[in-house]
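Peer 1: Curious how this folds, go ahead:
(chains A and B)
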There are 2 protein chains.
Amino acid sequence: MKLVAMRYFDDIQPGDRASFGGYAVTREEVLEFARKYDPQPFHLSDEAAAKTHFGRLAASGWHTNAMTMAMLVAHYEANPIASLGAAGIDELRWLKPVYPGDVLRCETEVLEARASQSRPDMGIVRSRLTTFNQNDEPVLTFIANALIARRTAA
Amino acid sequence: MKLVAMRYFDDIQPGDRASFGGYAVTREEVLEFARKYDPQPFHLSDEAAAKTHFGRLAASGWHTNAMTMAMLVAHYEANPIASLGAAGIDELRWLKPVYPGDVLRCETEVLEARASQSRPDMGIVRSRLTTFNQNDEPVLTFIANALIARRTAA
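Peer 2: As a prediction, this is how the structure comes out:
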């Protein structure tokens, strides 16, 4: 039983907002990601991080991006959208450190929705995503350029 | 014995280039990353990916970013730089799919190196990074804004 209708490019308006997430950041996961992908000392131990502006063990910014993607995918599973993929990301900024024990959530806002000149079956939706910690401090922000199918193409 | 001198902001010039990496992408790692952070069907099975433009199992773009960071960290371990972190990323584009079996490498070029107005102890270095596959096709590109300490501050 499908309760939620698929949303197409035609359904999306600038100003549309969504709020979702709730990702608990664990020390084990911070260490596991850092060992594989970002083994800088401040992502590997409290002792090394204490010597930096992080103060204590902090997650790799690329790990925060990955956790944010996990929240996005879960959100779009619950709220299906006719996505054809992402063309890219602009203005990505890591605003505050993310620490073990933090709980992350996301907010999105559609900035622009325009038809594709070259592909009449899709549109390009430009949205700002912001990831917050449990104190409502923004830790990450970026603009995503997503390709969304038009209803007429479905 | 330290054979490689630490490089500071003062040592960096627009046009500086580096080439490094050699990251073998495995099916196991593609699946492991996707299950945790980007469980979209085309990142989880060949069957689902065959129905999309990917054609077969493809790595999450965020995974490609993470593998690129692993190459960057290894490069800077061998070629130390007085990094104070990254302010952010601009113009990130996923140009081609990354597949299990691919071997990735990176090239960087410094676009701009400017003193910080507010922090005389550091400069901001804007570099383009491009990740290539084994066929020398660019798969990922972005501009990184890095904060680098001045020698005088050391």
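Peer 1: Show the contacting residues for the residue sitting nearest the centre point of chain A.
Peer 2: Centroid check for chain A by Cα atoms, centre = their mean gives residue A:68 as the closest residue, at 3.6 Å. With contacts defined as Cβ atoms under 8 Å, 6 or more residues apart in numbering or on different chains, residue A:68 is in contact with A:104, A:106, A:129, A:131, A:140. Backbone N, C-alpha and C define where each C-beta goes, glycine included.
Peer 1: Hey, what's the angle from the helix or strand encompassing it to helix B:61-78? Just curious.
Peer 2: In this assignment (DSSP states H and E), residue A:68 forms part of helix A:61-78. Relative orientation of helix A:61-78 versus helix B:61-78 (axes from the mean of the first three to the mean of the last three Cα atoms, to 10 degrees): 180 degrees.
Peer 1: Please settle this for me: is residue A:123 part of a strand?
Peer 2: Yes - assessed with DSSP: H, G, I helix; E, B strand; the rest coil, residue A:123 lies in a strand.
Peer 1: Share the number of residues neighbouring it, please.
Peer 2: Neighbours of residue A:123 under the rule other Cβ atoms under 10 Å in any protein chain shown: 23.
Peer 1: Would you confirm that it contacts residue A:117?
Peer 2: No - applying Cβ atoms under 8 Å as the test, residue A:123 and residue A:117 come out as separate, 10.5 Å apart.
Peer 1: and chain A, which residues reach chain B?
Peer 2: A:33, A:36-40, A:53, A:60-63, A:65-67, A:69-70, A:73, A:85-94, A:142 (Cβ under 8 Å from any Cβ of the partner chain).
Peer 1: which of those residues count as buried?
Peer 2: A:33, A:36-40, A:60-63, A:65-67, A:69-70, A:73, A:85-90, A:92-94, A:142 (16 or more other Cβ atoms under 10 Å in any protein chain shown).
Peer 1: What's the mean pLDDT across stretch A:12-32?
Peer 2: The pLDDT scores in stretch A:12-32 average 98.
Peer 1: List the buried residues of that stretch.
Peer 2: Buried-residue list, stretch A:12-32, by 16+ other Cβ under 10 Å: A:12, A:18, A:21, A:23, A:25, A:29-31.
Peer 1: Neighbouring strands of the least confident helix or strand in chain A by mean pLDDT in the sheet, and parallel or not?
Peer 2: The weakest-scoring helix or strand in chain A, judged by mean pLDDT, DSSP states H and E, is strand A:83-94 (a mean of 92). Using DSSP bridges, the strands paired with strand A:83-94 are strand A:138-149 (antiparallel), strand B:83-94 (antiparallel).
Peer 1: Same list, these, but as TSV with distance to residue B:111 please.
Peer 2: Putting the strands paired with strand A:83-94 into TSV (distance: least, Cβ to Cβ, whole Å) gives the following:
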stretch	distance to residue B:111
strand A:138-149	20
strand B:83-94	10
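Peer 1: Residue A:8: which of the ones you listed is closest?
Peer 2: strand A:138-149 (5.9 Å; Cβ to Cβ).
Peer 1: so for that closest one, what's the average pLDDT?
Peer 2: 96.
Peer 1: what does stretch A:123-132 give?
Peer 2: So the average pLDDT for stretch A:123-132 ends up being 97.
Peer 1: centre of the chain versus it, how much separation?
Peer 2: Computed by Cα atoms, centre = their mean, to the nearest Å, the chain-centroid distance of stretch A:123-132 equals 8 Å.
Peer 1: ok, residues contacting that stretch?
Peer 2: By Cβ under 8 Å, 6+ apart, stretch A:123-132 touches A:9, A:12, A:21, A:64, A:67-68, A:71-72, A:87, A:104-116, A:138-148, A:150.
Peer 1: cutoff 6 Å now
Peer 2: Applying Cβ atoms under 6 Å, 6 or more residues apart in numbering or on different chains, the external contacts of stretch A:123-132 come out as A:9, A:12, A:68, A:104-116, A:138-146, A:148.
Peer 1: Look at residue A:58 and give its secondary structure.
Peer 2: Applying three-state DSSP: residue A:58 is coil.
Peer 1: what sits against the residue lying closest to residue A:27 once chain neighbours are set aside?
Peer 2: Nearest non-adjacent residue to residue A:27, counting by Cβ to Cβ, 6 or more residues apart in numbering or on different chains: residue A:100, 3.9 Å away. Counting by Cβ under 6 Å, 6+ apart, residue A:100 touches A:25-27, A:30.
Peer 1: and if we set it to 10 Å?
Peer 2: Residues in contact with residue A:100 (Cβ atoms under 10 Å, 6 or more residues apart in numbering or on different chains) are A:24-31, A:46, A:56-59.
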